[in-house]
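Q: Would you be able to build a 3D model of this:
(one chain, ligands or ions: 2)
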Amino acid sequence: MGTNQTQISDEYVTGNSSGVGGGISDVYGEDSATLDQLVTPWVTSVASGYTLMRDPRYNKGLAFTDKERDAHYITGLLPPVVLSQDVQERKVMHNLRQYTVPLQRYMALMDLQERNERLFYKLLIDNVEELLPVVYTPTVGEACQKYGSIYRRPQGLYISLKEKGKILEVLKNWPQRGIQVIVVTDGERILGLGDLGCQGMGIPVGKLSLYTALGGIRPSACLPITIDVGTNNEKLLNNEFYIGLKQKRANGEEYAEFLQEFMCAVKQNYGEKVLVQFEDFANHHAFELLSKYCSSHLVFNDDIQGTASVVLAGLIAAQKVLGKSLADHTFLFLGAGEAGTGIAELIALKISKETGKPIDETRKKIWLVDSKGLIVSERKESLQHFKQPWAHDHKPVKELLAAVNAIKPTVLIGTSGVGKTFTKEVVEAMATLNEKPLILALSNPTSQAECTAEEAYTWTKGRAIFASGSPFDPVQYDGKKFTPGQANNCYIFPGLGLGLIMSGAIRVRDDMLLAASEALASQVTEENFANGLIYPPFANIRKISANIAASVGAKTYELG
Ligand SMILES: O=C([O-])CC(=O)C(=O)O
Ligand SMILES: [Mg+2]
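A: Residues are numbered from 1 along each chain as shown. Ligands and ions are numbered 1, 2, ... in the order given. I've put the predicted structure just below:
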């Protein structure tokens, strides 16, 4: 271990590592750090004794063995009992289950992450179905709304306008060097909750927890970042506990320059192989950032491309249940923002590849409704650029219900960020038009879902194939149990990210997203189909992510 120690220290002190090798090596000796060993392998910043126990990355709490306690000068600093990690896990789960308020569970889990990172991830991995809704959607949404009040210790890196001109220096303040994935938000469109400013930090933190728990990326290689350019949320601006800059959002040139400085600093500091995931930016910035940086950085937008890939996977899988090919469907979206147009585009691309028809042609099977009604050619001039490809010939239609009756979709997809918009009439109309209507209520968190699982099954008399962005419990209807799927991008981004990193990719291509969709769809079993599911259960998510990563890696290799 002596060699290992020298190597770790040198690299840490000189910062001499490229850190972007693409592989997942044990850069900081973490895999071996808490093994039984006589030489302390920690770098200068993590010594031993009390300091060691206060470092969440290395702390094991009562699981330190007597030998480790002696070797690392912590004997006496802990009560005498030695508990295995399994016992610790049972204890924490027992304690968590005492909390009835989801936000309390969230806070308890964040405290654990701050105290004993290994135990946190062990818990998350072993209890993924129970804990995903706590550290992630929907509870993370509430946490962001109340972030100022529940804030205890900082998580992630805050880059505010105050740091203009010195973003690179700020990046260097982060204690880890070998960063492989960054999830970044500017907090302007947090889930379907709107502008939460700096309090959006909960989202990158939550997403990166899943990179580790679901995708196996080491925690020290993950960097959550919140860019604070102000907020237009008056409630936050007037809240004495608000943690961000108390000013209106910077926009236009000032915003673009700041983001440009950030993206350059990221590449300069971490190299070309660091993956940057854009998360929960508002439409007006999301599309622009993606198109600006997709040819110079390894970037993808989770809300546009991750969501698209997961929905496409569900649709590919649904072909088996419905006995129809993608090209045989007619799609109607409520919501023409990042998720809506992103999904629509990937579906059109997939059908184009399957049928050999040009994409302009395959787009015609896909219709979108925004706040002003059905998107039709007549509106083209006044549409934002990302909506324009979806302006087809049709007379204007104002309401969703009328659009359903006019377009006669086989698939209805909600991406509007507005809850309760799939009304009884809309869902019943889908059931009248289709033997098995496919209904996806994708907006998050639960309060913003277009309809609930119970509504979808009840209003279609149990005929709907339903999935949602936020989780819903199984529903009993007419003596039968219906289990809804969760069409959430967390099926995709951990595996996609792992595949990109493993293969040393330097750009993200649509073909990689398609490969991820195919890989996910292929893991839905006959048994899942028999239960009406178009996504595999989360219980196997690490295996699922690994398979997605393998497919993405293979595609990357194939693309050269
Ligand atoms: O975070 C989630 O659950 C899915 C997502 O990206 C969003 O709704 O913005
Ligand atoms: Mg998102």
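Q: Does residue 233 touch residue 193 like I think?
A: No: taking contacts as C-beta atoms under 8 Å, residue 233 lies outside contact range of residue 193: 9.9 Å. Yep, even glycine has a C-beta here, placed from its N, CA and C like the rest.
Q: ok, residues contacting stretch 348-365?
A: 312, 316, 325-327, 329-331, 344, 366, 389-390, 392, 510, 514, 517 (C-beta atoms under 8 Å, 6 or more residues apart in numbering).
Q: Let me see the backbone angles for residue 190.
A: phi -80, psi 120 (degrees, to the nearest 10).
Q: Please, which helix or strand holds the residue lying closest to residue 143 once chain neighbours are set aside?
A: Spatial nearest neighbour of residue 143, excluding adjacent residues (C-beta to C-beta, 6 or more residues apart in numbering): residue 202 at 4.7 Å. Assigned by DSSP states H and E, residue 202 belongs to helix 202-213.
Q: what's in contact with the strand or helix carrying residue 277?
A: Assigned by DSSP H and E, residue 277 belongs to strand 275-278. Contacts of strand 275-278 from elsewhere in the structure, counted by C-beta under 8 Å, 6+ apart, are 180-185, 207, 263, 266, 286, 289-290, 293, 297-303, 306, 493, 497, 500-501.
Q: strands paired with that strand, and their directions?
A: strand 181-185 (parallel), strand 298-301 (parallel) (DSSP bridges).
Q: Against residue 275, how distant is the residue nearest to residue 389 when sequence neighbours are not counted?
A: Nearest in space to residue 389, with sequence neighbours left out and distances taken as C-beta to C-beta, 6+ apart, is residue 363 at 5.7 Å. If you measure residue 363 against residue 275 using C-beta to C-beta, to the nearest Å, the figure is 29 Å.
Q: of those two, who's got more company?
A: Ranked by neighbour count (other C-beta atoms under 10 Å), residue 363 and residue 275 place residue 275 first, with 27 against 20.
Q: Per-residue pLDDT of the more buried one, please?
A: Listed pLDDT for residue 275 reads 98.
Q: swap in residue 38?
A: Predicted confidence (pLDDT) for residue 38: 49.
Q: what do you get for residue 27?
A: Predicted confidence (pLDDT) for residue 27: 52.
Q: Now the residue nearest to residue 389. Its backbone dihedrals?
A: Backbone torsions of residue 363, given as degrees, to the nearest 10, read phi -60, psi -20.
Q: shaky segments in the stretch 1-150 of the chain?
A: For the stretch 1-150 of the chain, the stretches with pLDDT under 70 are 1-47.
Q: now the strands: where do they sit in it?
A: Here the stretch 1-150 of the chain has no strands by DSSP state E, counting those that start in this stretch.
Q: Residues of it that sit close to ligand 1?
A: Contact residues, the stretch 1-150 of the chain versus ligand 1 (C-beta under 6 Å from any ligand atom): residue 137.
Q: Which residue does the stretch 1-150 of the chain have closest to ligand 1?
A: residue 137 (3.3 Å; C-beta to the nearest ligand atom).
Q: check contacts around residue 301.
A: 277, 278, 279, 281, 286, 289, 290, 338, 342.
Q: Out of those, which is nearest to ligand 2?
A: The shortest approach to ligand 2 among these belongs to residue 279, at 5.0 Å (C-beta to the ion).
Q: distance of the closest one from residue 445?
A: According to C-beta to C-beta, residue 279 and residue 445 sit 15 Å apart.
Q: do residue 560 as well
A: For residue 560, the distance to residue 445 - C-beta to C-beta - is 40 Å.
Q: ok, so of the contacts of stretch 348-365, who is nearest residue 119?
A: residue 517 (34.0 Å; C-beta to C-beta).
Q: returning to that earlier point: show me what contacts the residue nearest to residue 143?
A: So residue 202 contacts 140, 141, 143, 144, 147, 190 (C-beta under 8 Å, 6+ apart).
Q: Go through the contacts of stretch 348-365 and give me the one with the most neighbours.
A: residue 517 (28 neighbours).
Q: Secondary structure element holding the residue of the stretch 151-300 of the chain found nearest ligand 2?
A: Per C-beta to the ion, residue 280 is where the stretch 151-300 of the chain lies closest to ligand 2, at 4.4 Å. Using DSSP H and E, residue 280 is not contained in any helix or strand.
Q: From what I see, it and residue 187 are in contact.
A: Yes: using C-beta under 8 Å, residue 280 makes contact with residue 187 at a distance of 7.0 Å.
Q: Which residue of those two possesses the greater neighbour count?
A: Taking other C-beta under 10 Å, residue 280 and residue 187 do not tie; residue 187 has more neighbours (32 against 27).
Q: Show me which residues of the protein are close to ligand 1?
A: 137, 191, 280, 302, 303, 444, 469, 488, 489.
Q: Now do the same for the fifth one: helix, strand or coil?
A: Secondary structure for residue 303, judged by DSSP: H, G, I helix; E, B strand; the rest coil, is helix.
Q: Next one: it, what pLDDT does it get?
A: In this model, residue 303 is scored at 98, pLDDT.
Q: Report the contact partners of residue 499.
A: 505, 512, 516, 548, 549, 550, 551, 552, 553, 555, 556.
Q: ok, those vs ligand 2, which is closest?
A: Nearest to ligand 2 among those, counting by C-beta to the ion, is residue 516 at 16.4 Å.
Q: ok, residue 560 and residue 445, which is more surrounded?
A: Legend: neighbour count by other C-beta under 10 Å for residue 560 and residue 445, higher for residue 445 (24 against 4).
Q: Residue 200 versus that one, what's the distance?
A: 14 Å.
Q: Check residue 331 too.
A: As defined by C-beta to C-beta, residue 331 lies at a distance of 30 Å from residue 200.
Q: ok, residue 286 - contacts?
A: So residue 286 contacts 189, 278, 301, 303, 304, 338 (C-beta under 8 Å, 6+ apart).
Q: Next, the contact list for the fourth one, please.
A: Applying C-beta under 8 Å, 6+ apart, we find residue 303 in contact with 189, 278, 279, 280, 281, 286, 338, 339, 342, 489.
Q: rerun that using 7 Å as the cut-off
A: 279, 280, 286, 338, 339 (C-beta atoms under 7 Å, 6 or more residues apart in numbering).
Q: and the angle from the lengthiest strand in the chain to strand 181-185?
A: For the chain, the longest strand by residue count, based on DSSP state E, is strand 222-228. Taking axes from the mean of the first three to the mean of the last three C-alpha atoms, to 10 degrees, one finds strand 222-228 and strand 181-185 inclined to each other by 20 degrees.
Q: angle of strand 222-228 against helix 202-213?
A: 170 degrees.
Q: Which other helices and strands does strand 222-228 contact?
A: strand 157-160, strand 181-185, helix 202-213 (3 or more C-beta pairs under 7 Å, 6 or more residues apart in numbering; DSSP states H and E).
Q: Can you dump the C-alpha atoms of it in PDB for me?
A: C-alpha atoms of strand 222-228 as PDB (Å, rounded to 0.1, in the frame of the first residue of the first chain):
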ATOM      1  CA  CYS A 222     -19.300  13.700  -9.500                       C
ATOM      2  CA  LEU A 223     -19.700  17.500  -9.200                       C
ATOM      3  CA  PRO A 224     -23.100  19.200  -8.700                       C
ATOM      4  CA  ILE A 225     -23.000  22.800  -9.800                       C
ATOM      5  CA  THR A 226     -25.600  25.600  -9.500                       C
ATOM      6  CA  ILE A 227     -25.100  28.700 -11.500                       C
ATOM      7  CA  ASP A 228     -26.700  31.700  -9.800                       C
END
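Q: Contacts for it next, please.
A: 155-161, 174, 179, 181-187, 197-198, 200-201, 204-205, 208, 211-212, 244-245, 262.
Q: With adjacent residues omitted, what lies nearest to the residue of the stretch 401-550 of the chain found nearest ligand 2?
A: The nearest approach of the stretch 401-550 of the chain to ligand 2 comes at residue 489, 6.8 Å away (C-beta to the ion). Distance criterion C-beta to C-beta, 6+ apart; nearest residue to residue 489, sequence neighbours excluded, is residue 306 at 3.5 Å.
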